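S.K.: Sharing a model prediction with you, sequence too.
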Amino acid sequence: MPIINRIGDFAPDMAAWRQHLHAHPELSLECHQTAAFVVGKLREFGITEIHEGIATSGVVAIIEGQGAGPTIGLRADMDALPIHETTGVPYASQTPGVAHSCGHDGHTTILLGAARYMAETRNFKGRVALIFQPAEESVGGGRIMVEEGILDTFGISQVYALHCDPEIGEGLISTTPGRIMAAVDDFFITVTGQGGHGAYPYEAVDPIPPALAIAQAFSTIVSRNTRAKDELVISVTQINAGSATNVIPEKVTIAGTVRTFDTSVQDMVRRRMAEIVDGQAAAFGCTAELDYRTNYPATINDVGKTAFAVSVAQDVVGEASTISDRSPDMGAEDFAYFLNERPGCYAFLGQGVGPFCHHPAFNFNDAVAPIGASYFARLVEKAQPL
């Protein structure tokens, strides 16, 4: 791969950093050990402007280039997942029930590698802001960092991020202008009837039939209320009720997720869910409550910045290994909050086909970290050339 030679020189160091991070995963906003490791490395690289404690454990570090110019932001997420790891690697998670099963250990390592190179060379004008973010997988650390004002505080004019992809070949870089990741909403429903003895259902008001009817009817929102060309996913992922085979429960709870790109589709889903929940509950003589929660917005790449990012990717991995028309993904990403405020591009780095993200056997491929670091460094050098 045509990576930057100097970054290639410290590829073994990057693998060691990544494997250390992999062994010590942390959840949500509480990435304190990870942040301390990051800060320690940044100081080793000679970076002196380091801001800690943003969004609880986030870090922003500034590298000054040569001469006046704008500030470009590069973001990496640091948090892990509440998953029991099954990779069997020697550096597997030392924290039971927590694992880096989405590659954020690799993302952090990629940004550290780019930081080391740029701190040595400073082959750019203006500044680069290195954004190490917690809580991408949970409460939206990206949203919190934006709300705490990092884009204005550090004068960041454009932003970029990279995510590993275990569905495309090693070293490929893929992205697309416009929509790339979906908005994510969650729903929680409680259906209430009247409990009773399983042998005498006529003396109870069973909440299970309306709960099943609600879950089944939700599928018709996709098939009957949405145009075929409108991307929409509704998944019921939890139905919980009962404690014994001979007891009709009083309540049933239902939960799941909605993925959309268009706000009009999102509004329609919310309205139709409320109608279905109320109608089905009433038909069975029960009551029901819908708690619909809007979460991450859709991730929308800036057209111009994406074209620029594609040109950089072609320089690093070659035109044949750059995909510029990636299909939009129904997964979600809190980098959306950065792109809502600043132009930029979210891209994917192929690590070779293997277990998918969030699978307990997933493990980041250390061989692609220097490619990602080279891409980040070239973004800065080409965006703000001397």
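M.R.: Received it, and whenever you're ready, just let me know what you need.
S.K.: how's the chain carved up into domains?
M.R.: By the assignment in automatic domain parsing, the chain contains the domains 5-179+298-383, 183-294.
S.K.: tell me the mean pLDDT over the longest one?
M.R.: Okay, so that is domain 5-179+298-383. The average pLDDT within domain 5-179+298-383 is 98.
S.K.: what does the shortest one give?
M.R.: Averaged across domain 183-294, pLDDT comes to 97.
S.K.: May I have the distance across it, first residue to last?
M.R.: With C-alpha to C-alpha, to the nearest Å as the measure, domain 183-294 spans 9 Å from end to end.
S.K.: now the longest one
M.R.: With C-alpha to C-alpha as the measure, domain 5-179+298-383 spans 20 Å from end to end.
S.K.: How about stretch 149-160?
M.R.: Note: stretch 149-160 ends 17 Å apart using C-alpha to C-alpha.
S.K.: before we move on, back to that, what's the most buried one of the domains of the chain?
M.R.: Neighbour counts (mean count of other C-beta atoms under 10 Å) averaged over each of those peak at domain 5-179+298-383, with a mean of 20. Backbone N, C-alpha and C define where each C-beta goes, glycine included.
S.K.: So what's the gap between that one and the chain middle?
M.R.: Centre-to-centre, domain 5-179+298-383 and its host chain are 11 Å apart (C-alpha atoms, centre = their mean, to the nearest Å).
S.K.: quick one, helices of the protein?
M.R.: For the chain, the helices defined by DSSP state H occupy 5-9, 11-23, 32-44, 104-121, 141-147, 150-153, 208-224, 263-283, 303-317, 336-341, 369-383.
S.K.: Identify whichever of those lies nearest to residue 177.
M.R.: helix 303-317 (4.3 Å; C-beta to C-beta).
S.K.: Send me that closest one as CSV with only the CA atoms.
M.R.: C-alpha atoms of helix 303-317 as CSV (Å, rounded to 0.1, in the frame of the first residue of the first chain):
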residue,chain,number,x,y,z
VAL,A,303,-20.6,17.1,-1.5
GLY,A,304,-17.5,19.3,-2.0
LYS,A,305,-15.6,17.9,1.0
THR,A,306,-16.4,14.4,0.0
ALA,A,307,-15.0,15.0,-3.5
PHE,A,308,-11.9,16.3,-1.8
ALA,A,309,-11.7,13.3,0.5
VAL,A,310,-12.1,10.9,-2.4
SER,A,311,-9.1,12.6,-4.2
VAL,A,312,-7.0,12.2,-1.0
ALA,A,313,-8.0,8.5,-0.8
GLN,A,314,-7.0,8.0,-4.4
ASP,A,315,-3.6,9.5,-3.6
VAL,A,316,-3.1,7.1,-0.7
VAL,A,317,-4.6,3.8,-1.8
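S.K.: who's in contact with it?
M.R.: Contact with helix 303-317 is made by 1-3, 158, 160, 171-173, 175-178, 321-322, 324, 343-345, 347, 371, 374-375, 378-379, 382-383, as judged by C-beta atoms under 8 Å, 6 or more residues apart in numbering.
S.K.: now with 7 Å?
M.R.: Helix 303-317 is contacted by residues 1-3, 158, 160, 171-173, 175-178, 322, 324, 343-345, 347, 371, 374-375, 378-379, 382 when judged by C-beta atoms under 7 Å, 6 or more residues apart in numbering.
S.K.: and what of stretch 367-379?
M.R.: Contact with stretch 367-379 is made by 1, 3-4, 7-8, 11, 14, 18, 74, 106, 109-111, 113-114, 117-118, 160, 162, 170-171, 173, 309, 312-313, 315-317, 349, 351, as judged by C-beta under 7 Å, 6+ apart.
S.K.: can you rerun that using 8 Å?
M.R.: Residues outside stretch 367-379 that contact it (C-beta under 8 Å, 6+ apart) are 1, 3-4, 7-8, 11, 14-15, 18, 72, 74, 106-107, 109-114, 117-118, 160, 162, 164, 170-171, 173, 309, 312-313, 315-317, 347, 349-352.
S.K.: For it, output the C-alpha coordinates as PDB.
M.R.: Provided in PDB are the C-alpha atoms of stretch 367-379 (Å, rounded to 0.1, in the frame of the first residue of the first chain):
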ATOM      1  CA  ALA A 367      -2.400  -3.900   9.000                       C
ATOM      2  CA  VAL A 368      -4.800  -1.100   7.900                       C
ATOM      3  CA  ALA A 369      -4.000   1.400  10.700                       C
ATOM      4  CA  PRO A 370      -1.000   3.000   8.800                       C
ATOM      5  CA  ILE A 371      -3.300   3.400   5.800                       C
ATOM      6  CA  GLY A 372      -5.900   5.200   7.900                       C
ATOM      7  CA  ALA A 373      -3.200   7.400   9.500                       C
ATOM      8  CA  SER A 374      -1.800   8.200   6.100                       C
ATOM      9  CA  TYR A 375      -5.200   9.200   4.800                       C
ATOM     10  CA  PHE A 376      -5.800  11.500   7.800                       C
ATOM     11  CA  ALA A 377      -2.300  13.100   7.400                       C
ATOM     12  CA  ARG A 378      -2.800  13.700   3.700                       C
ATOM     13  CA  LEU A 379      -6.200  15.200   4.300                       C
END
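S.K.: isn't residue 57 right up against residue 39?
M.R.: No: applying C-beta atoms under 8 Å as the test, residue 57 and residue 39 come out as separate, 10.5 Å apart.
S.K.: one step back: would you list the helices of the chain in a markdown table and tack on distance to residue 255?
M.R.: As requested, the helices of the chain are exported to a markdown table (distance: least, C-beta to C-beta, whole Å):
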| stretch | distance to residue 255 |
| --- | --- |
| helix 5-9 | 44 |
| helix 11-23 | 30 |
| helix 32-44 | 29 |
| helix 104-121 | 25 |
| helix 141-147 | 22 |
| helix 150-153 | 32 |
| helix 208-224 | 10 |
| helix 263-283 | 12 |
| helix 303-317 | 35 |
| helix 336-341 | 22 |
| helix 369-383 | 35 |
